[in-house]
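K.L.:
the following comprises the amino acid sequence and a computationally predicted model.
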Protein chains: 2
Amino acid sequence: MPAPPIHVGPEPKDHLVRAVEDGGGRVVGLEEAEGVIWAGGPDFPEFPERVRWVQLPAAGVESWMDAVRAQPRIQFTSAAGAYATQVAEHALALLLAGVRGIVGYARTQTWSPGGDRVLEGTTVAVVGAGGIGRELIKMLEPHDVEVIAVTRSGRGDTWSVDRLPEVWAKADHFVIGAPATDGTRHLVGAEELAQMKPHAWIVNIARGSLIDPDALVDALREERIGGAALDVTDPEPLPDDHPLWREPRALITPHVANPPETMERDLAKRVTENVRRFGAGEDLLAPIERDRGY
Amino acid sequence: MPAPPIHVGPEPKDHLVRAVEDGGGRVVGLEEAEGVIWAGGPDFPEFPERVRWVQLPAAGVESWMDAVRAQPRIQFTSAAGAYATQVAEHALALLLAGVRGIVGYARTQTWSPGGDRVLEGTTVAVVGAGGIGRELIKMLEPHDVEVIAVTRSGRGDTWSVDRLPEVWAKADHFVIGAPATDGTRHLVGAEELAQMKPHAWIVNIARGSLIDPDALVDALREERIGGAALDVTDPEPLPDDHPLWREPRALITPHVANPPETMERDLAKRVTENVRRFGAGEDLLAPIERDRGY
């Protein structure tokens, strides 16, 4: 099998060049390339005719979809799932910080126990159980919780999105992991929040647009839910005067679920695997489907 | 097998009476009892001759040892291990809150990412791997960390306490779960802190006396370790003017790893099991050994 000619752009970053070579690829200029590893933003050029595949660096590609749709001839792949372990780890950290009272205790400078709950024995809904959700479910396994995993299609033992209306009143806590599309905007709004249990914590490690921020602020202020631990917000970055910063039941982490420390390494791993598959003519990981929008 | 006569003192609390009956026991006055479920403090009476077994409500019994030693004829059992799941869950919550930067972000009111680390790929030392430690190790299993479990005896694949000096420089993070005895006082002191990695987080869910508080404050102030997440302190409660309250690298939770919500339930389960074993003449769970002090 000849080494597939792959371009690394917009800059030939060392770790990605190595990743291509590790996958059996030959790093070439754009004009020779059949595949492209694109580590820049959504403002990529129109790729030459010869290019059949472009690997994007992001797991959530909603801001790339217009550019992807403009070049319908090319198979694009995202990095969905490549960072799943780190993001799931952060999701669990946020969930435990909320449920175990750490959000409040971290802001307290006096010994004042009270109102403590545990995660054990609760029902956790993982809304959007893709790569991250599946990793999180593995991490929840030793915790003796019941998991409701919700996916678009209801594949395997997941609940399909049609049954989502049942989930809000049923689960104790929620981890939002769905992709951002037109269909998932404000997936959690006033109506959904109103059905949640008063101790419910919502964790969002996906995209800020999935939760209606005004409805969330209302629910938190009126103490209708346990709290919200958000790694992603709407807008992002969250401006300093946003009420969520001063809400005792909210924890904001500034989009760090996938930190730079591990991001480079994990993207390189994904590139190596997809270059190998491209060379072997196998199905690529995380193909973007233009219809569904991710 | 006749139902063993068991006294529930100092008050006949409903959930413990039920727990005794669920274990096949018969609840009786102290004068008739062969076993006692003691849900009060260490100021218990001298038990009548007929009493052969006393179940204490605490997992850590260092403050009970004088009273236990004063009645050498009686087999005392602690609740060690009964609350292990909740305490391990809190230990994991503290560890993740530290390593993933949540301690700092919870106190920040502006969008400012930076310096983020992950737990994945690190080495976690569980120092004192009894019931809590074993539960924690199960919870760490899906996290792709290397665990060094340290026990007094080095049983199984744990490291014996003789090798503890090697551990401080080797592990990335530490969870202290050892019992409080004369031998474990200030187990973590200036010398041990000096060997730790600059990103090391120390979690203590055992007893405050295991860590030298002055040495810890020094290490935190001088930014020589990543941080400390403590559910137990020395002294306890930690006074409002203690420097740990204002240390950016410290998180204090006020001894809530074993919250009231689940404590009653878990003690009741342990009582039922030990009453059953007592009736059947089997070995009891968590026998206190006067020599080792727990």
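P.N.:
Here it is on my side, so go on.

K.L.:
just the helices in the stretch 1-150 of chain A please.
P.N.:
With DSSP state H, counting those that start in this stretch as the criterion, the stretch 1-150 of chain A has helices at A:14-22, A:65-69, A:84-99, A:102-105, A:131-140.

K.L.:
biggest helix in chain A, by residue count?
P.N.:
helix A:260-280 (DSSP state H).

K.L.:
which bits of the stretch 51-200 of chain A sit near chain B?
P.N.:
Counting by Cβ under 8 Å from any Cβ of the partner chain, the stretch 51-200 of chain A comes close to chain B at A:85-86, A:89-90, A:92-94, A:96-97, A:99-103, A:105-107, A:109-113, A:116-120, A:138-139, A:141-144. In short, each C-beta sits where N, CA and C put it, glycine included.

K.L.:
let's go with 6 Å and repeat that
P.N.:
A:85-86, A:89-90, A:93, A:96-97, A:100, A:102-103, A:105-106, A:109-111, A:113, A:116, A:118-120, A:138-139, A:142 (Cβ under 6 Å from any Cβ of the partner chain).

K.L.:
residues near the closest residue to A:P239 other than its chain neighbours, how many?
P.N.:
Distance criterion Cβ to Cβ, 6 or more residues apart in numbering or on different chains; nearest residue to A:P239, sequence neighbours excluded, is B:W111 at 8.0 Å. Neighbours of B:W111 under the rule other Cβ atoms under 10 Å in any protein chain shown: 18.

K.L.:
residue contacts, B:W111?
P.N.:
Contacts for B:W111 (Cβ atoms under 6 Å, 6 or more residues apart in numbering or on different chains) come out as A:237-238, A:254.

K.L.:
now do A:Q55, the pLDDT please.
P.N.:
Predicted confidence (pLDDT) for A:Q55: 98.

K.L.:
quick one: neighbours of it, just the number.
P.N.:
Around A:Q55 there are 28 residues (other Cβ under 10 Å).

K.L.:
surely it and A:A39 touch.
P.N.:
No. Here A:Q55 does not reach A:A39: they are 8.8 Å apart, not a contact under Cβ atoms under 6 Å.

K.L.:
where do the contact lists of these two overlap?
P.N.:
What both A:Q55 and A:A39 touch, as defined by Cβ under 6 Å, 6+ apart, is an empty set.

K.L.:
any idea how far A:A59 is from A:G131?
P.N.:
8 Å (Cβ to Cβ, to the nearest Å).

K.L.:
neighbour count for these two, which is higher?
P.N.:
Just comparing A:A59 and A:G131: by other Cβ under 10 Å the higher neighbour count belongs to A:A59, 25 against 20.

K.L.:
now do the contacts for that one.
P.N.:
By Cβ under 6 Å, 6+ apart, the neighbours of A:A59 are A:79-80, A:83.

K.L.:
what's the closest of those to chain B?
P.N.:
Chain B lies nearest to A:Y83 out of the contacts of A:A59, by Cβ to the nearest Cβ, at 10.3 Å.

K.L.:
now the closest one: closest residue in space that isn't a chain neighbour?
P.N.:
A:N258 (4.3 Å).

K.L.:
ok, the one you found touching A:T85?
P.N.:
No. Look at A:N258 against A:T85 with Cβ under 6 Å: they stay out of range, at 9.7 Å.

K.L.:
residues contacting the closest residue to A:L96 other than its chain neighbours?
P.N.:
Among residues not flanking A:L96 along the chain, B:A93 sits closest, at 3.6 Å (Cβ to Cβ, 6+ apart). Contact partners of B:A93, counting by Cβ under 6 Å, 6+ apart, are A:96, A:100, A:102.

K.L.:
dump those to a markdown table, plus neighbour count.
P.N.:
As requested, those are exported to a markdown table (neighbours: other Cβ atoms under 10 Å in any protein chain shown):
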| residue | neighbour count |
| --- | --- |
| A:L96 | 26 |
| A:R100 | 27 |
| A:I102 | 28 |
